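Undergrad: got a predicted structure here, sequence first:
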Amino acid sequence: MNIIVTTGGNIPSKYAHSFNVMKMAQGFYKLGNDVKVVAPMSIPSLIRQLKSKDVHSFYGIDMGIKIKYIPVFSLKALKQSNDFVQFDYSAAKYCKKLNVDLAYCRSYRIPYYCVKMGVPTIIETHTTNYEHPDLQGIYEVSNDPNFKGLVTISEDIKKEHIRRGIPERKVLVLEDGIDLDRFKINDNRHFWRKKLGLPTNMNLVVYCGHLYEEKGIEHILLTAMMLSKENILFVLVGGFSKDINKWKEYCKKELISNVFFVGFVNNSEVPKYLKAADALMMPYNTKVNFEVMDVNTTSPMKLFEYMASNRPIISTTIPAISKVIEHDKSGMLVEPNNINKLSEYVLELIKNKEKSERVSMNALNEVKNYTWNERCKKMISKLKVET
């Protein structure tokens, strides 16, 4: 099939939304489809392209996936990354011009225009902002034969879209996914520590992702403080500069010295850091307001990367995690905001190698059900996209 993956956001971008878009493009591509990503060309996206140098490496995707940038036309849109009305219409026209078999859209106006132009269209949305004005257009065209369906990551989100008018047969719930091929690399942790310049004489606990407060970063640092007398280094990979500086100041103030901030790395490098670890952490701080995600409906891509790395996971018992990870079987789950338990499980998994290997292998076997390829295959099949 000839598939266009469209997004209204900047490519490249460090936000999880853009990684979901590009990983879906990878999934469609690996099924043997001709795939092109269509994204806006704005000043922010141009600057990020120049900084990243290699967009495909930035996202860890195949070079065979083509990227088409369509310029924004108004001066206002050129300066801002959130005013792309003209781009949305142009992107839909481009899909129509190429007579694509499917437009997979991670935005609201593009799928509306695509359906109106007779292009077979799927929209994916993870938002719980059902009153979003541009989302109303999707409800308007939801009975059109060219509207193939809406994909989301939560049964609660699905129910609300159905309540608002989208036919139940056209709403599909799928967890996020993983590209397992990227993790078919050397499994020796010391090999990657030498390659990455990390200590080979210490146990490493790794976190990889954004450094937002709700991501439990303070809990990782407090765990590091509690285990300061152990031979453990906590390695945090990712984050914006402002967040890195914030947590470095926190460590300085609290005299936490067994923490190392790597900073942002291209997604193609992530498996190497995960493989270098003795254990992986992804706690959540439920005492703060969740501004970047909904703790009840999210499907964190990081979880599946952790599972694919064949390293033991310590996380928090929240719906997004406990629906995938089973405590003491495929990972260790801690009730929210319990630093003592986080510390206990970190130490246990480092010292109990047999248990560490058992939960790691169980997670690796489980994650095989969550590949991007399978996700794309289910989407095409269950939403009855003609091939």
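TA: Structure received.
Undergrad: mind giving me the packing neighbours of whatever helix or strand Val35 lives in?
TA: Under the assignment given by DSSP states H and E, the secondary-structure element containing Val35 is strand 34-41. With contacts taken as 3 or more Cβ pairs under 8 Å, 6 or more residues apart in numbering; DSSP states H and E, strand 34-41 sits against strand 2-7, helix 16-30, strand 66-71, helix 85-97. All C-beta atoms are positioned from the backbone trio N, CA, C, and that covers glycine.
Undergrad: and these: which comes nearest Ser356?
TA: For Ser356, the closest of the helices and strands packed on strand 34-41 is helix 16-30, at 27.7 Å, according to Cβ to Cβ.
Undergrad: burial measure for Asn146, as a count.
TA: Residues contacting Asn146 under the criterion other Cβ atoms under 10 Å number 15.
Undergrad: pretty sure it contacts Pro120?
TA: Yes. Asn146 is within contact range of Pro120, at 5.4 Å (criterion: Cβ atoms under 8 Å).
Undergrad: pairing partners for the strand holding Val35, with directions?
TA: Using DSSP bridges, strand 34-41 pairs in its sheet with strand 2-7 (parallel), strand 66-71 (parallel).
Undergrad: comparing those by mean pLDDT, which bottoms out?
TA: The minimum mean pLDDT among the strands paired with strand 34-41 belongs to strand 66-71 (a mean of 93).
Undergrad: and it, what's buried?
TA: Taking 16 or more other Cβ atoms under 10 Å as the basis for neighbour counts, the residues of strand 66-71 that come out buried are 67, 69-70.
Undergrad: just stretch 120-131 next, same as before
TA: By neighbour count on 16+ other Cβ under 10 Å, the buried set for stretch 120-131 is 120-126.
Undergrad: dump these into TSV; add secondary structure as well.
TA: As requested, those are exported to TSV (DSSP: H, G, I helix; E, B strand; the rest coil):
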residue	secondary structure
Pro120	coil
Thr121	strand
Ile122	strand
Ile123	strand
Glu124	strand
Thr125	coil
His126	coil
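Undergrad: just the residues you listed now: which is nearest Cys208?
TA: If you rank the buried residues of stretch 120-131 by distance to Cys208 using Cβ to Cβ, His126 comes first, at 20.4 Å.
Undergrad: in this structure the closest one contacts Ile157, no?
TA: Yes. Checked against Cβ under 8 Å, the pair His126 and Ile157 is within contact range at 7.2 Å.
Undergrad: can you report how many residues neighbour Arg163?
TA: Other residues near Arg163 number 9, with proximity taken as other Cβ under 10 Å.
Undergrad: rewinding a little: which one of the strands paired with strand 34-41 lies closest to His56?
TA: Per Cβ to Cβ, nearest to His56 of the strands paired with strand 34-41: strand 66-71, 8.3 Å.
Undergrad: residues making contact with the closest one?
TA: Around strand 66-71, the neighbours that count as contacts under Cβ atoms under 8 Å, 6 or more residues apart in numbering are 11, 35-41, 45, 55, 87, 90-91, 94.
Undergrad: now with 6 Å, please.
TA: Taking contacts as Cβ atoms under 6 Å, 6 or more residues apart in numbering, the residues outside strand 66-71 that touch it are 36-39, 41, 87, 90-91.
Undergrad: just the buried residues of strand 66-71 now: which is nearest Val262?
TA: Within the set of those, Ile67 lies nearest Val262; the separation is 27.0 Å, counting by Cβ to Cβ.
Undergrad: tell me how far that closest one lies from Glu269.
TA: Taking Cβ to Cβ, to the nearest Å as the measure, Ile67 and Glu269 are separated by 20 Å.
Undergrad: please apply the same query to Lys215.
TA: Applying Cβ to Cβ, the value for Lys215 to Glu269 is 19 Å.
Undergrad: between the two, who's got more neighbours?
TA: Lys215 (25 against 17).
Undergrad: secondary structure element for the residue nearest to Thr316 when sequence neighbours are not counted?
TA: The shortest distance from Thr316 to any non-neighbouring residue, by Cβ to Cβ, 6 or more residues apart in numbering, is to Tyr284 (4.4 Å). Secondary-structure assignment from DSSP H and E places Tyr284 in no helical or strand segment.
Undergrad: which ones are touching Tyr284?
TA: Tyr284 sits in contact with 216, 316, 318, where contact means Cβ under 6 Å, 6+ apart.
Undergrad: quick revisit: looking at the buried residues of strand 66-71, spot the one nearest Phe234.
TA: Within these, proximity to Phe234 (Cβ to Cβ) peaks at Ile67, which comes in at 36.0 Å.
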